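Peer 1: prediction below, plus the sequence it came from.
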Amino acid sequence: MKYTCLATFLATALMATASAHAQTYPSKPIKAIVPFAAGSATDQIGRAFVQKMSEQLGQPIVIENKAGVNGMLGADAVAKSAPDGYTLMVGTNSTNAALKSLMKKLPYDQDTAFAPIGYMGSVPLIVAVNNDVPVKNLKELVAAAKAKPTQLTFASASTSQRVSTEVLMSMSGIQMTHVPYKSGPAAMTDLIGGQVNLFTADFAVMLPQVKAGKIRGLAVTSTQRSKAIPELPTVNEALGLKDYELIAYFAMFAPAGTPADVIAKLNKALNAAAADKDIIDKFSAIGFETSPGTPEALAQRNKAETAKWAKAIRDAKIEAE
């Protein structure tokens, strides 16, 4: 009887503590880990979102860039953080869908390590080449690659960048040599400089350079042309394909075990940011479309995306590292 009373008391005390925490949350600055480099699309979009969220929550949210291994290093840091709502992650299809199929062993369980907060939005990618590569469109690129297998090189600094190109190669029957980079901006610098021939990356990294004439855009990876650069065909249009589509998406997560009341507060602030006119106007030019929703909707979407990326990686015959 004594132990039963003690257990009841402890359970009640824990519930009261959790409730009090949720009511006072947030009472100090919050850290949001971006698992990619400063200047990347994830970084730019993450910074804009957390600024609006901090206005809603009444506490600053400080971005920490922790890049490496396709986002794994940053994701691992979040997975192992205290589930108290003070460490968040601006996640992507790399960290929360594809890594499971790209790595032989992750230092955390991708399916259970994170609590979904909410979906932020998505953006297509642009396939582009260095200006000195003698091709004007994707058909010519495929012909050049078939004429000289493995001689053309392609850069990648994230899962979406690599898989989008690998799937393109698989579907068009060509071979190019992969050159991995630690960050999208670094890969872009080498694409402009001619150290690498081709790069497929998000609009935030690509579009300014394409419009400035520093690189040559060949196609977009979505199923519809982008309003931001309507002159570029889709990969499907350019090559007469039907089923090619690979886009990058962004979402926010907390460590698993973060209290539901805290998740609800964060979700409300995130959705307010996703509906904010400033954010919509700022990023529509790079093809970004916001999509507010519930944590449960993100969980379902993530499950479907994990299966989609697993198939893409399998079909492209990319071996886990």
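Peer 2: Structure received.
Peer 1: CA atoms for contacts and neighbours, from now on please.
Peer 2: Fine.
Peer 1: strands along the stretch 51-200 of the chain, start to end?
Peer 2: Along the stretch 51-200 of the chain, the stretches classed as strands by DSSP state E, counting those that start in this stretch are 61-65, 87-92, 114-123, 125-130, 153-156, 177-180, 198-202.
Peer 1: typed the wrong thing, it's the stretch 201-321 of the chain
Peer 2: In the stretch 201-321 of the chain, the segments counted as strands under DSSP E, counting those that start in this stretch are 215-220, 248-255, 289-290.
Peer 1: which parts of stretch 207-217 are buried?
Peer 2: Buried residues in stretch 207-217, defined by neighbour count with 16 or more other C-alpha atoms under 10 Å: 207, 209-210, 214-217.
Peer 1: cool, stretch 33-49 as well?
Peer 2: 33-38, 40-43, 45-49.
Peer 1: average pLDDT for that stretch?
Peer 2: For stretch 33-49, mean pLDDT is 91.
Peer 1: how is this protein divided into domains?
Peer 2: Domain ranges of the chain: 27-122+248-315, 125-239, per automatic domain parsing.
Peer 1: now do the residue nearest in space to the middle of the chain, the pLDDT please.
Peer 2: Nearest to the mean C-alpha position of the chain, counting by C-alpha atoms, centre = their mean, stands residue 92 at 2.5 Å. We have a pLDDT of 92 for residue 92.
Peer 1: how about it, nearest residue that isn't a chain neighbour?
Peer 2: Counting by C-alpha to C-alpha, 6 or more residues apart in numbering, the nearest residue to residue 92 once its immediate chain neighbours are dropped is residue 250, at 4.5 Å.
Peer 1: circling back to that earlier point, residues in contact with the residue nearest to the centre of the chain?
Peer 2: Contacts here follow C-alpha atoms under 8 Å, 6 or more residues apart in numbering; on that basis residue 92 touches 42, 248-251.
Peer 1: sorry, back to before: mean pLDDT and distance to residue 107 for the strands of the stretch 201-321 of the chain - can I get that in JSON lines?
Peer 2: Listed next are the strands of the stretch 201-321 of the chain as JSON lines, based on pLDDT from 0 to 100; distance: least, C-alpha to C-alpha, whole Å:
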{"stretch": "strand 215-220", "mean pLDDT": "98", "distance to residue 107": "34"}
{"stretch": "strand 248-255", "mean pLDDT": "95", "distance to residue 107": "14"}
{"stretch": "strand 289-290", "mean pLDDT": "86", "distance to residue 107": "31"}
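Peer 1: JSON lines for those strands, including distance to residue 238?
Peer 2: Formatted as JSON lines, the strands of the stretch 201-321 of the chain follow (distance: least, C-alpha to C-alpha, whole Å):
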{"stretch": "strand 215-220", "distance to residue 238": "7"}
{"stretch": "strand 248-255", "distance to residue 238": "20"}
{"stretch": "strand 289-290", "distance to residue 238": "24"}
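Peer 1: which one of those lies nearest to residue 123?
Peer 2: strand 248-255 (5.4 Å; C-alpha to C-alpha).
Peer 1: okay, now the sheet partners of that closest one, with direction.
Peer 2: Under the criterion DSSP bridges, strand 248-255 sits next to strand 87-92 (antiparallel), strand 114-123 (antiparallel) in its sheet.
Peer 1: from the chain's centre, how far out does it sit?
Peer 2: Relative to its chain's centre, strand 248-255 lies at 7 Å (C-alpha atoms, centre = their mean, to the nearest Å).
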